[in-house]
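**Q** Okay, predicted coordinates and the sequence, questions at the end:
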Amino acid sequence: MTTARDWLIAGAPGAATSPEVVDRMCERLVAEGVGLARVEAYVRTLHPLVAGRAFEWTPRTGCRAIEELHEANLRGEESPFTRAFETRVPQRLRIDGGEPSTPYRETLVARGITDLLVWPMLFTSGEVHAIGFGTAHPDGFSPAELASLEAVVAPLTRMAEILALRRSATNVLTAYVGRDAGARVLAGKIRRGDTELIEAAIWFSDMRGFSAMSNEKSPREVIDRLNQLFDCQVPAIDAHGGEVLKFIGDGLLAIFTPTAGGMRGCCARALAASRAALAAVAQLNAGASEPLRFGIALHVGEVAYGNIGGAGRLDFTCIGRAVNLAARLESLTGTTGHDVLASEAFARSCDGFALVGDYQVKGFATPVPAYAPT
């Protein structure tokens, strides 16, 4: 078997994810005679909610990754990881019974760890991450084991940086352009006009009373209210397989593309998402002095999906007559008193709708039928 160091230098062939890299590296170290009982690594990441990822490996469980929120402490109090992050110097903690007890030391004792070595992982960007190797051998790590561990730190750091950069790029693209759109951009869909025609269920929603609120409240208060409203919609859309494409002031554009259930199943998911979002807003409004209100329009049709914009500044979104119709339908939610309105095409593809009426809307020569859930 190739040594752990040589395997990492070769680019960790066969390992596509960070947990797989840790798993296979540890397997190789154990095969080389290193008595590993536990390995922990902490890598920060660029994400609006997640501070970083913790990787934990044991011979019994293999490697598992845990995402830590910004509010969490990745390092643990009084741990060698804390000192490694702050000093950028390797740390060693021996458990021989002679040192003062601390919560972190007691954790190691409970896990049977007798010797812990922590190396800072210094990325070329200047970021500091860390990895710790623990053994349960009564005498701790031997000099030969220490040499084997030290030999993997540099190539592991380079691999970790490559994987972290890839993950950060994915996180940023997902946060700003959406999961599917981000994946397409990373796959090379980056040329202006690089679009495709797709059939999709379209969601267009808008806050009620936004103009009045903007005039009466401070920008900070307006943003807080918008974030509350979007927090009710985005999780519902995500949970039902939708893709949020953009926020347009107080508006939100999303699409649902067909899966195994075809367009009928696609529309059912969009309708279920609208009900979940309305339920979330209702819960938020319970007892509120200034309840939030918003309307949702649902339509189904063909859209152009891809890169649109200026030569050096692009937006990955969807446009087309179907999107325009969804936006016009949403404008009717306030006047009709219905929180959700659907087009005739959507109502035909999804059970449980009744005709509200035919309405003349801007940009369409003939009246547009609007349907509401029953």
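**A** Looks like it arrived, so ask away.

**Q** tell me, which strand in the protein spans the most residues?
**A** strand 294-310 (DSSP state E).

**Q** Average pLDDT for that one, rounded please.
**A** Taken as a whole, strand 294-310 has an average pLDDT of 90.

**Q** any idea which helix or strand comes after it?
**A** For strand 294-310, the succeeding helix or strand toward the C-terminus, using DSSP states H and E, is strand 313-319.

**Q** other SSEs contacting that next one?
**A** Judged by 3 or more C-beta pairs under 8 Å, 6 or more residues apart in numbering; DSSP states H and E, the packing partners of strand 313-319 are helix 179-186, strand 195-207, strand 243-248, strand 251-256, strand 294-310. Backbone N, C-alpha and C define where each C-beta goes, glycine included.

**Q** need the ones you listed in TSV with distance to residue 273, can you?
**A** Output for those, formatted as TSV (distance: least, C-beta to C-beta, whole Å):
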stretch	distance to residue 273
helix 179-186	15
strand 195-207	7
strand 243-248	11
strand 251-256	8
strand 294-310	9
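
**Q** okay, those, which one's buried deepest?
**A** Mean neighbour count (mean count of other C-beta atoms under 10 Å) peaks for strand 251-256 among those, with a mean of 24.

**Q** follow-up on the earlier one: can you give the distance of the longest strand of the chain from its chain's centre?
**A** With C-alpha atoms, centre = their mean, to the nearest Å as the basis, strand 294-310 stands 22 Å off its chain's centre.

**Q** Remind me what it packs against, helices and strands.
**A** Secondary-structure packing of strand 294-310 (3+ C-beta pairs under 8 Å, 6+ apart): strand 195-207, helix 262-285, strand 313-319, helix 321-336, strand 340-342, helix 344-349.

**Q** Sheet-wise, list the partners of that strand with their directions.
**A** Here strand 294-310 is paired, per DSSP bridges, with strand 195-207 (antiparallel), strand 313-319 (antiparallel), strand 340-342 (parallel).

**Q** how far off strand 251-256 does it point, in degrees?
**A** Interaxial angle of strand 294-310 relative to strand 251-256 (axes from the mean of the first three to the mean of the last three C-alpha atoms, to 10 degrees): 80 degrees.

**Q** ranking the helices and strands packed on strand 294-310 by mean pLDDT, which is last?
**A** Per-segment mean pLDDT for these reaches its minimum on strand 313-319, at a mean of 81.

**Q** what's the angle from it to helix 321-336?
**A** Per the same axes, to 10 degrees, the angle that strand 313-319 makes with helix 321-336 is 70 degrees.

**Q** Skipping adjacent residues, who's closest to residue 355 in space?
**A** Of all residues not flanking residue 355 in the chain, residue 371 sits nearest, at 5.6 Å (C-beta to C-beta, 6 or more residues apart in numbering).

**Q** got it, and residue 66?
**A** Distance criterion C-beta to C-beta, 6+ apart; nearest residue to residue 66, sequence neighbours excluded, is residue 54 at 4.5 Å.

**Q** Which of the strands paired with strand 294-310 sits closest to residue 146?
**A** Comparing the strands paired with strand 294-310 against residue 146 with C-beta to C-beta, the closest turns out to be strand 313-319 (49.2 Å).

**Q** Is it correct that residue 373 is in contact with residue 271?
**A** Yes: Residue 373 lies in contact with residue 271 (C-beta atoms under 8 Å); the separation is 6.9 Å.

**Q** So for these two, which residues contact both of them?
**A** Contact criterion C-beta atoms under 8 Å, 6 or more residues apart in numbering; residues shared by residue 373 and residue 271: 340, 342, 352.

**Q** could you dump the helices and strands packed on strand 294-310 to a markdown table with distance to residue 364?
**A** Shown next, in a markdown table, are the helices and strands packed on strand 294-310 (distance: least, C-beta to C-beta, whole Å):
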| stretch | distance to residue 364 |
| --- | --- |
| strand 195-207 | 15 |
| helix 262-285 | 21 |
| strand 313-319 | 16 |
| helix 321-336 | 7 |
| strand 340-342 | 14 |
| helix 344-349 | 12 |
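
**Q** so which of these is the most packed in?
**A** strand 340-342 (a mean of 27).

**Q** Show me what the lengthiest helix in the chain is packed against.
**A** As assigned by DSSP state H, the longest helix anywhere in the chain is helix 143-177. Helix 143-177 sits against helix 4-9, helix 18-31, strand 38-44, strand 115-122, strand 128-135, helix 179-186, with contacts defined as 3+ C-beta pairs under 8 Å, 6+ apart.

**Q** Good, wrapping up.
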